[in-house]
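Participant: mind folding the following:
(chains A and B)
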Amino acid sequence: MTELDRPGRHLLSAADLSREQALAILETARQMHAIQTREVKKLPPLRGRTIVNLFFEDSTRTRSSFEIAGKWLSADVINVSAKGSSVSKGESLRDTVLTVVAMGIDAIVVRHPASGAVQRIAGWVDCHVINAGDGTHEHPTQALLDAYVLRARLGDLTDRHVVVVGDIAHSRVARSNVLLLTTLGARVTLVGPPTLMPAGVETWTCSTSWDLDLVLSGKAFGDVDAVMMLRVQRERMGGGSGGGVHDIGGQFVPTEREYAIGYGLSPDRLDLLAEDVPVLHPGPMNRGLEISSLAADDARSVVLEQVQAGVAVRMAVLYRMLAGADEPASGLEVVSA
Amino acid sequence: MSILLRGVAPLGGRPVDVLLDGGCITQIEPHLDAMDAQVIEADGLILLPGFVDLHTHLREPGREDAETVASGSAAAALGGFTAVHAMANTTPVADTAEMVEQVARLGALAGLVDVRPVGAVSKGLAGEQLAEIANMARSSAAVRIFSDDGNCVHDSRLMRRALEYVKPFDAVVAQHAQDPRLADHAACAHEGEVSGRLGLAGWPAVAEESIVARDVMLAEHTGSRLHVCHVSTAGTVEVIRWAKRRGISVTAEVTPHHLLLTCDLITGYDPVYKVNPPLRPDEDVAAVRAGLADGTIDAVATDHAPHAPHDKDHAFPDAAFGMLGLQTALGVVAESMVATGLLDWPGVADRMSCRPAMIGRVAGHGRPILVGEPANLVLVDPAGEYLVDPARLASLSRNTPFAGLVLPARVTATFLRGTPTVLEGELARREVAV
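Facilitator: Numbers count the residues shown, from 1 in each chain, chains lettered A, B, ... in the order given. Predicted structure coming up:
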């Protein structure tokens, strides 16, 4: 790998990646993907390396995806669940993290309910830090896996039009996708009700709309090449209000029914899409809310491909970040063979 | 012992000799004989009335690891203050006569500045029932400012009652304006481009402005005195300007950090920049500067908020709100207001001493520099510079957002009733007469 396309020390934001770096990860992911269909999936390049999945928030799919990715590269992967804010335990985040890192590890994969927690952590530790989702800020490996699937379906993403629908304001998936897709040359349109649009979205490098039908019709921002439906938390509906510091609360949308009618990918809206337009969803899906069962099970749905790509992309990130320039492509020959 | 300030420029005017004796200014002449007085060569230095802070968190009792009345007093004296108002949000809360008397006693014991306790508006700062306001006002601490600072008195009826109830004592209700429904406890960043990009819960300007608009109408209705804490938005400045023109009895303060820093600083998620109300964009900074310049905003108040490192070593949303302010206040005001030509030195004296003393009804402070006045004074080197080194601050905490900055103007000496508390920029270790 060249210095130009080698990722930085940490992966905190999709904005950390240049076009070259992102494409290099996606190319490595393509090689990694090949082993997923093999009988023996394990490769040696990270043998002797230790990765800690440090999760301050519940997660099944992202944690297991990182765990499998690390294990297939022969790293030792340890899951540390630090749920329940360290604030309430009386320990500072810094102390919690330094304690884990002091055990002598090479990388931490961090999920935290607070935006910016991963940036803070990167400032305290010597090891590599990978953001597995920080609050309502970013989730860069999700954006990478989405880009992987989109490229598998659409080829080069330059000038391709991707529509992202849902709770944009509180979505780390949306933020990372806007950044990475823009880096890769795609055009992004964000769609959602005004209450679920982030402040200052008009300054982002994308277009926005409150009208999903208009956008899907292609009359507003041109033909649609892909649609990404975001998960909408049920607690955003109705009269609930925020409790804890990380609890965003409700009163954003009156009812689930009204949301589904306005912004759900219904059978009618699915009909607006061309046959080759992939439908993405980061999961877990609320069937009947943001996506109808018909759409979820349609041939255009790539939800399971996303899950599969998640492992490959995370393997690629870990490999390119940890394998080191001094050990060029060790173990990868096996893949290409 | 008497002190002769030789060649000092009162309020930046023509240099004179000033003699301090018996706690007062006893002579001001073009030239005075030293006699047996201690002479301080003050050529090129400016003499101002000692600064009065309307808004200080001294953390004692409760969080003596972050600050004590003594350490906060030292920071205040080094910053040129001769009186500070200790906010009520201690543990336990300063909501009884006994509590405010205890804080005043600790202040007298430290002896570096006059510590004027602020009493809580509501019991336990809970915003539900009035605290024993009259008892605090009549206590030996003679409380004249009541505030639930940290919390907003958001219940309209309670706010109305508080404004009415303080009238017999000529006291003022100092409001922390934050509608908790528009900016709840999770709100931590100015709602705008930066908060949206960083994914931080927004603290919209309207959450401050709508409370201030309501409160000035309540002040008009009750005919009471209202003080608005830490004004941070252009809209709030406009509302207060309107209210003052209408003759409503409202005063307001702005913090040094809102005069100098903008919300772009939080981009790196460093909680040293986390404060309540949050740092705002350029246009708000320009508006609060203009408001302070034209007198719409009466006072600079530090909102000095010390925090132990372990309360800041968290993710931005989880970290404590607040920044240090006492030792850097003059430098920040000099940088943002004097160097920009918005305020001259008499203006600085007015906004940092005279008007805050008037708002808090602090006798003997914020007085003109005239013979017979109490010698609560600060000596400022306008050509001096101050490099902010967190490790060298007198506060027990280190959470200054100005670390590494070189600020103009420097406090060289502070006098409390004629006795130096600070000399040559260092604490003067002397007993001060109370």
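Participant: near chain A, which residues of the stretch 301-434 of chain B?
Facilitator: With Cβ under 8 Å from any Cβ of the partner chain as the criterion, the stretch 301-434 of chain B meets chain A at residues B:309-311, B:313-318. Every residue, glycine included, has its C-beta placed from N, CA and C.
Participant: whoops, the stretch 151-300 of chain B was the one
Facilitator: Proximity of the stretch 151-300 of chain B to chain A (Cβ under 8 Å from any Cβ) is limited to residues B:184-186, B:191-202, B:268-270.
Participant: among the residues you listed, name the ones in helices.
Facilitator: Among these, the members found in helices (DSSP state H) are B:193-198.
Participant: picking that back up, and the residues of the stretch 151-300 of chain B next to chain A, which are buried?
Facilitator: Buried members of these, scored by 16 or more other Cβ atoms under 10 Å in any protein chain shown, are B:184, B:186, B:191-202, B:269-270.
Participant: what about residue B:8, which SS state?
Facilitator: strand (DSSP: H, G, I helix; E, B strand; the rest coil).
Participant: what sits against the residue nearest to it when sequence neighbours are not counted?
Facilitator: Counting by Cβ to Cβ, 6 or more residues apart in numbering or on different chains, residue B:42 is the residue found nearest to residue B:8 once chain neighbours are left out, at 3.7 Å. By Cβ atoms under 8 Å, 6 or more residues apart in numbering or on different chains, residue B:42 lies in contact with B:5-8, B:379.
Participant: can you put these in JSON lines and add pLDDT and neighbour count?
Facilitator: Formatted as JSON lines, the contacts of residue B:42 follow (pLDDT from 0 to 100; neighbours: other Cβ atoms under 10 Å in any protein chain shown):
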{"residue": "B:5", "pLDDT": "98", "neighbour count": "29"}
{"residue": "B:6", "pLDDT": "98", "neighbour count": "19"}
{"residue": "B:7", "pLDDT": "98", "neighbour count": "16"}
{"residue": "B:8", "pLDDT": "98", "neighbour count": "25"}
{"residue": "B:379", "pLDDT": "98", "neighbour count": "25"}
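Participant: and residue B:115, what helix or strand is that in?
Facilitator: According to DSSP states H and E, residue B:115 maps onto strand B:114-117.
Participant: so where's the stretch 301-434 of chain B shaky on pLDDT?
Facilitator: Filtered on pLDDT under 70, the stretch 301-434 of chain B yields the residue ranges B:429-434.
Participant: now do the strands in it.
Facilitator: Listed in chain order, the strands of the stretch 301-434 of chain B (DSSP state E, counting those that start in this stretch) span B:377-387, B:406-416, B:419-423, B:426-427.
Participant: of the residues of the stretch 301-434 of chain B next to chain A, buried ones?
Facilitator: If we count by 16+ other Cβ under 10 Å, these have these buried: B:310-311, B:313-318.
Participant: quick check: the farthest pair among the residues you listed?
Facilitator: Pairwise distances across those (Cβ to Cβ) peak at 16.2 Å, for the pair B:310 and B:317.
Participant: which parts of the stretch 201-350 of chain B are helices?
Facilitator: Assigned by DSSP state H, counting those that start in this stretch, the stretch 201-350 of chain B shows helices spanning B:205-222, B:234-245, B:256-260, B:282-294, B:309-312, B:329-333, B:345-349.
Participant: looking just at contacts, which helices and strands does the fourth one meet?
Facilitator: If you count contacts as 3 or more Cβ pairs under 8 Å, 6 or more residues apart in numbering or on different chains; DSSP states H and E, helix B:282-294 packs onto helix B:234-245, strand B:250-254, helix B:256-260.
Participant: what's the most buried one of the helices of the stretch 201-350 of chain B?
Facilitator: Of all the helices of the stretch 201-350 of chain B, helix B:329-333 has the most neighbours on average by mean count of other Cβ atoms under 10 Å in any protein chain shown, namely a mean of 27.
Participant: hey, where'd the helices end up in the stretch 201-337 of chain A?
Facilitator: For the stretch 201-337 of chain A, the helices defined by DSSP H, counting those that start in this stretch cover A:212-217, A:256-263, A:267-272, A:293-296, A:303-322, A:332-336.
Participant: out of these, which one sits most buried?
Facilitator: Burial of the helices of the stretch 201-337 of chain A is given as mean neighbour count (mean count of other Cβ under 10 Å); helix A:303-322 ranks first at a mean of 23.
Participant: how is the chain carved up into domains?
Facilitator: If you meant another chain, say so; for now it's chain A. A:14-138+A:309-336, A:140-306 (automatic domain parsing).
Participant: meant chain B, my bad for not saying
Facilitator: Following automatic domain parsing, one gets these domains for chain B: B:3-46+B:372-427, B:49-359.
Participant: ranking those by burial, who's on top?
Facilitator: Each of these was scored by mean neighbour count; the highest is domain B:49-359, a mean of 22, by mean count of other Cβ under 10 Å.
Participant: so what's the gap between that domain and the chain middle?
Facilitator: What separates the centre of domain B:49-359 from the centre of its chain is 7 Å, taken as Cα atoms, centre = their mean, to the nearest Å.
Participant: residue B:113: what's it in contact with?
Facilitator: Listed by Cβ under 8 Å, 6+ apart, the contact set of residue B:113 reads B:73, B:76-77, B:81-84, B:107, B:416, B:421.
Participant: over to residue A:74?
Facilitator: Residue A:74 makes contact with A:42-47, according to Cβ under 8 Å, 6+ apart.
Participant: give the buried subset of these as a PyMOL selection command.
Facilitator: Provided next is the PyMOL selection string for whichever of the contacts of residue A:74 are buried by 16+ other Cβ under 10 Å:
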select buried, chain A and resi 43+45+46
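Participant: possible to save the contacts of residue A:74 as a markdown table with pLDDT and secondary structure?
Facilitator: Shown next, in a markdown table, are those (pLDDT from 0 to 100; DSSP: H, G, I helix; E, B strand; the rest coil):
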| residue | pLDDT | secondary structure |
| --- | --- | --- |
| A:42 | 92 | coil |
| A:43 | 93 | coil |
| A:44 | 95 | coil |
| A:45 | 95 | coil |
| A:46 | 97 | coil |
| A:47 | 96 | coil |
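Participant: so which of the contacts of residue A:74 comes closest to residue B:137?
Facilitator: residue A:46 (69.4 Å).
Participant: dump the residue contacts of the closest one.
Facilitator: Listed by Cβ under 8 Å, 6+ apart, the contact partners of residue A:46 are A:70, A:73-75, A:318-319, A:322-323.
Participant: got the phi and psi for it?
Facilitator: In terms of degrees, to the nearest 10, the main-chain angles of residue A:46 are phi -110, psi 20.
Participant: weakest of the domains of chain A by average pLDDT?
Facilitator: Lowest mean pLDDT within the domains of chain A: domain A:14-138+A:309-336, at a mean of 90.
Participant: what's near enough to touch residue 139?
Facilitator: Went with chain A since none was named. Contacts for residue A:139 (Cβ under 8 Å, 6+ apart) come out as A:62, A:131-133, A:172-173, A:175-176, A:282.
Participant: meant chain B actually
Facilitator: Neighbour list for residue B:139: B:97, B:100-101 [criterion: Cβ under 8 Å, 6+ apart].
Participant: looking at those residues, spot the one nearest residue A:20.
Facilitator: Nearest member of these to residue A:20, counting by Cβ to Cβ, is residue B:100, at 64.3 Å.
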